[in-house]
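*Asks:* Build me a structure from this.
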Amino acid sequence: MTRKEKTSAFFKQSELFDYMVTRPLSHIVPNWELTWNLKENRVEPEEDSLAEEVNRLLDEISEVQPPKEYHANEDVLAEYVKSHLNWNIYKKGNRWESSDYEAIINQGSFGDEDQKNLILAAAGRIEAAIEHGQTNFDDMEYGHQKILAMVMASILYQRIDFSKILN
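*Replies:* Predicted coordinates for the structure are as follows:
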């Protein structure tokens, strides 16, 4: 199975993906519910939705080599938050302390050029889940699922063309 096929299979007909990834962006793009097209093996494009952006994101994730140490890519985002936004966060062992990790990822996304670290973190989290027998987004361990959802929502947010929405 190719990486693209594995990525598609991972998100195929997920019950939770749109709820956890596109719904938090529904104040910007109102049509958050996604429909999986079984024939095309992709999300069905719909008006006022992020479906096409989700398809592009899944393609992009499938094209990168998933890092074994995806936390290093997330650490880059946390370091940005610490140094550029002056958040009082610190790393204790392998965890960032003193703030909500999802908030760190979200705010760090603003300093991630072309969302490179976010893309690698997503690819790494997906690969790790599959290696642990969690072959679909809905099967992921909740804590990891929640972070992957935030990573993907942050990528989508950074790529929204607000000029089209505000007109």
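
*Asks:* For H71, list the residues it contacts.
*Replies:* Residues in contact with H71 (CB atoms under 8 Å, 6 or more residues apart in numbering) are N94, A121. No exception for glycine: its C-beta is placed from N, CA and C like everyone else's.

*Asks:* List the buried residues in the strand or helix carrying it.
*Replies:* Assessed by DSSP states H and E, H71 sits inside helix 70-84. By neighbour count on 16 or more other CB atoms under 10 Å, the buried set for helix 70-84 is Y70, H71, N73, E74, D75, V76, L77, A78, E79, Y80, V81, K82.

*Asks:* and of these, the nearest to S26?
*Replies:* L77 (23.8 Å; CB to CB).

*Asks:* immediately after the longest helix anywhere in the chain, which helix or strand?
*Replies:* Secondary structure of the chain per DSSP state H: the longest helix is helix 142-159. Elements were assigned by DSSP H and E; along the chain past helix 142-159, the next helix or strand is helix 162-165.

*Asks:* just to revisit the earlier point, after the helix holding H71, which helix or strand is next? Please name it.
*Replies:* Next helix or strand after helix 70-84 toward the C-terminus (DSSP H and E): strand 90-92.

*Asks:* what's the angle between the helix holding H71 and helix 142-159?
*Replies:* 60 degrees (axes from the mean of the first three to the mean of the last three CA atoms, to 10 degrees).

*Asks:* got the CA coordinates for helix 70-84 in PDB?
*Replies:* Extracted in PDB, the C-alpha atoms of helix 70-84 (Å, rounded to 0.1, in the frame of the first residue of the first chain):
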ATOM      1  CA  TYR A  70       7.600  14.100  15.300                       C
ATOM      2  CA  HIS A  71       7.700  15.800  18.700                       C
ATOM      3  CA  ALA A  72      10.800  17.600  17.500                       C
ATOM      4  CA  ASN A  73       8.600  19.300  14.900                       C
ATOM      5  CA  GLU A  74       6.100  20.300  17.500                       C
ATOM      6  CA  ASP A  75       9.000  21.500  19.700                       C
ATOM      7  CA  VAL A  76       9.900  24.000  17.000                       C
ATOM      8  CA  LEU A  77       6.400  25.500  17.300                       C
ATOM      9  CA  ALA A  78       6.700  25.600  21.100                       C
ATOM     10  CA  GLU A  79      10.100  27.400  20.900                       C
ATOM     11  CA  TYR A  80       8.500  30.000  18.600                       C
ATOM     12  CA  VAL A  81       5.700  30.600  21.200                       C
ATOM     13  CA  LYS A  82       8.300  30.900  23.900                       C
ATOM     14  CA  SER A  83      10.700  33.200  22.100                       C
ATOM     15  CA  HIS A  84       8.400  35.300  19.900                       C
END
